[in-house]
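Novice: 3D model of this:
(one chain, ligands or ions: 2)
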Amino acid sequence: MPEDARGGFLKGVLGDVRSLFSARMVLTAWLPCLLITVLHYRTPPHHGWVHDVARRLYYLPILFAAFSEGTRGGISVSVFVSLIYFPHAFTSLVSRDPGDALEKGLEILLYNIVAVVAGLLVDRERGEREKQERLARKLSEALDEQRRIEAQLIRAGRLGALGEMTAGIAHEIKNPLHALKGTAEILRDVIPPDAPERRMLDLHMGEIDRLAHTAERFLRFARPAQADRRPLDLRDVVGRVVSLVETQARKDGVETIFRPIEGEGIPTVSGDADQLTQLLLNIAINGVQAMAPRGGGTLTFSHVSERQGEKRFHVVRVVNSGPPIPTDQLERIFDPFFTTKDGGTGLGLSIGSRIADQNDGVLSVRNLPEGQGVEFSLALPAGE
Ligand SMILES: Nc1ncnc2c1ncn2[C@@H]1O[C@H](COP(=O)(O)OP(=O)(O)O)[C@@H](O)[C@H]1O
Ligand SMILES: [Mg+2]
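Specialist: Ligands and ions are numbered 1, 2, ... in the order given. I've put the predicted structure just below:
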């Protein structure tokens, strides 16, 4: 037997033995057995009825043992009782039970039959209960999953509606802007370069360009580019994000940590590397921004493989040691334009959430217990 298999086997046996001699077993089975035996052995032969009672009292500890440890417990005690009663029943070593030999033999047989039957019933009941518990656990997992999907659908719905509206407005703005730009260009041709009105017109055209640019940005948000998904190693994406954010982070007193976990296998997913980089970079920058006012902290990247129901996911976790996000904000931070920062756009996480969606992934956030920081997780279906 190999070393650790033997270790495991030994541990199993030790565990079994320990459960047979738990406090409960000692108090309800072993000790009563000994007391009954002492009473039995010390009863003089002419008190025949006391012997009869004592002989039957043994059923109690046998049943108790079967109730608490199943067949294993019941049989251990019934075999022990058979052995310890045998000399008293059939020999005169110490004293002798005056009962009928056939009756005593049958009694010993019955001890063991009762132990087996009671033990089997208990084992079956226990197996049934474990099955129920497993089912209940599965059900609660499925419910959790459903709740998560619902939350995501609501989020996606909100995003979709807002995206359409944004696209509509941006589109409506772009057409008149086009006309404004055209007419301004005609005007420029007729205004001499050194006339004072020319400066105003240039300003005018500059602002038109800026507005067009903004409208373009909104359109891009509303109709993001299709994901160009290819098989990729998630560690490469994380590595790229780390090298992009490291320098700024260090300036803000933030230490960046990324330990690819050995033995986890290659976390291959099918995704758009640029989009995923953008997503994780946004999260990393948010993390740095959350810690900077407190003089810094740590930004930790890690990845694990997880099974959720039938599917396997590779999960990237980004943890920043900053203050927790207030509960009433936790759901809203993925909403477009939700920001708590001066000059924030509130678009980073909503775009991130959309990117996760486009790559069949799930982006989620939680506050770690005991103020250990904020954790963002991106779960992507595992590829081959
Ligand atoms: N790591 C974090 N810690 C605390 N709050 C965060 C964190 N990441 C995001 N937030 C909150 O979510 C809001 C939205 O983030 P985001 O969509 O990236 O927009 P922005 O960064 O422009 O505010 C932030 O304003 C902030 O309140
Ligand atoms: Mg941001």
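
Novice: from here on, just use CA atoms for contacts and neighbour counts.
Specialist: Fine.

Novice: all strands for the stretch 201-350 of the chain, in order.
Specialist: For the stretch 201-350 of the chain, the strands defined by DSSP state E, counting those that start in this stretch occupy 230-233, 254-258, 268-271, 297-308, 311-320.

Novice: how about those strands, which one is nearest ligand 2?
Specialist: The minimum distance between ligand 2 and the strands of the stretch 201-350 of the chain falls on strand 311-320, with 13.8 Å, by C-alpha to the ion.

Novice: now do that closest one: everything it contacts.
Specialist: For strand 311-320, the external contacting residues (C-alpha atoms under 8 Å, 6 or more residues apart in numbering) are 234, 267-269, 283-284, 287-288, 291, 297-307, 373-382.

Novice: and if you look at stretch 279-290?
Specialist: Outside stretch 279-290, the residues that touch it by C-alpha under 8 Å, 6+ apart are 238, 241, 244-245, 249, 252, 254, 296, 299, 318-320, 322-323, 348-349, 351-352, 355-356, 376.

Novice: mind checking which of the residues you listed land in helices?
Specialist: 238, 241, 244, 245, 249, 348, 349, 351, 352, 355, 356 (DSSP state H).

Novice: picking up where we left off before, what's the PyMOL syntax to select whichever of the contacts of stretch 279-290 are buried?
Specialist: Of the contacts of stretch 279-290, the buried ones can be selected in PyMOL as follows, counting by 16 or more other C-alpha atoms under 10 Å:
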select buried, resi 238+241+245+249+252+254+296+299+318+319+320+322+323+348+349+351+352+355+356+376
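
Novice: returning to that earlier point: keep the contacts of strand 311-320, but drop any that are not near ligand 1.
Specialist: Among these, the residues lying close to ligand 1 (C-alpha under 6 Å from any ligand atom) are 287, 374.

Novice: how about the residues of the stretch 201-350 of the chain by ligand 2?
Specialist: For the stretch 201-350 of the chain, the residues in contact with ligand 2 (C-alpha under 5 Å from the ion) are 286, 348.

Novice: okay, residue 282 and residue 324: tell me how far apart.
Specialist: Computed as C-alpha to C-alpha, to the nearest Å, the residue 282 to residue 324 distance reads 18 Å.

Novice: now swap in residue 99 and tell me
Specialist: Separation of residue 99 from residue 324 (C-alpha to C-alpha) stands at 77 Å.

Novice: out of the two, which sits in the more crowded spot?
Specialist: Set side by side, residue 99 and residue 324 show more neighbours around residue 324, with 19 against 16, by other C-alpha atoms under 10 Å.

Novice: low-confidence stretches in the protein?
Specialist: Scanning the chain for pLDDT under 70 picks out 1-7, 224, 262-264, 384.

Novice: please list the residues of it that sit near ligand 1.
Specialist: Neighbours of ligand 1 within the chain, by C-alpha under 6 Å from any ligand atom: 286-287, 290, 325, 333, 338-341, 344-350, 374.

Novice: can you report phi and psi for residue 108?
Specialist: For residue 108, the backbone dihedrals are phi -60, psi -40 (criterion: degrees, to the nearest 10).

Novice: isn't it right up against residue 82?
Specialist: Yes: at 5.7 Å, residue 108 counts as touching residue 82 under the criterion of C-alpha atoms under 8 Å.

Novice: picking up where we left off before, can you check which of the strands of the stretch 201-350 of the chain gets nearest to residue 153?
Specialist: The minimum distance between residue 153 and those falls on strand 297-308, with 18.2 Å, by C-alpha to C-alpha.

Novice: adjacent strands (with direction) for that closest one?
Specialist: Strand 297-308 pairs in its sheet with strand 254-258 (parallel), strand 311-320 (antiparallel), by DSSP bridges.

Novice: in that strand, what's buried?
Specialist: Across strand 297-308, burial judged by 16+ other C-alpha under 10 Å covers 297, 298, 299, 300, 301, 302, 303, 305.

Novice: for stretch 21-29, same thing?
Specialist: Across stretch 21-29, burial judged by 16+ other C-alpha under 10 Å covers 25, 28, 29.

Novice: of those, which belong to helices?
Specialist: Among these, DSSP H puts residue 25 in helices.

Novice: now stretch 283-290: how far from the chain's centre is it?
Specialist: Mean C-alpha position of stretch 283-290 versus that of the full chain (C-alpha atoms, centre = their mean, to the nearest Å) differs by 24 Å.

Novice: quick check: buried residues in it?
Specialist: Buried residues in stretch 283-290, counting neighbours by 16+ other C-alpha under 10 Å, are found at 283, 284, 285, 287, 288, 289, 290.

Novice: stretch 26-42 too?
Specialist: By 16+ other C-alpha under 10 Å, the buried positions in stretch 26-42 come out as 28, 29, 30, 32, 33, 36, 37, 40, 41.

Novice: contacting residues around it?
Specialist: So stretch 26-42 is contacted by 50-51, 54-55, 57-58, 60-62, 64-65, 77, 81, 84-85, 88, 94-97 (C-alpha under 8 Å, 6+ apart).

Novice: which of those residues fall within strands?
Specialist: Per DSSP state E, strands hold no members of the contacts of stretch 26-42.

Novice: dihedrals phi and psi, residue 229?
Specialist: With angles defined as degrees, to the nearest 10, residue 229 sits at phi -90, psi 130.

Novice: distance to residue 168 added to the buried residues of stretch 283-290, as JSON lines?
Specialist: Output for these, formatted as JSON lines (distance: C-alpha to C-alpha, whole Å):
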{"residue": "283", "distance to residue 168": "29"}
{"residue": "284", "distance to residue 168": "32"}
{"residue": "285", "distance to residue 168": "30"}
{"residue": "287", "distance to residue 168": "33"}
{"residue": "288", "distance to residue 168": "34"}
{"residue": "289", "distance to residue 168": "32"}
{"residue": "290", "distance to residue 168": "34"}
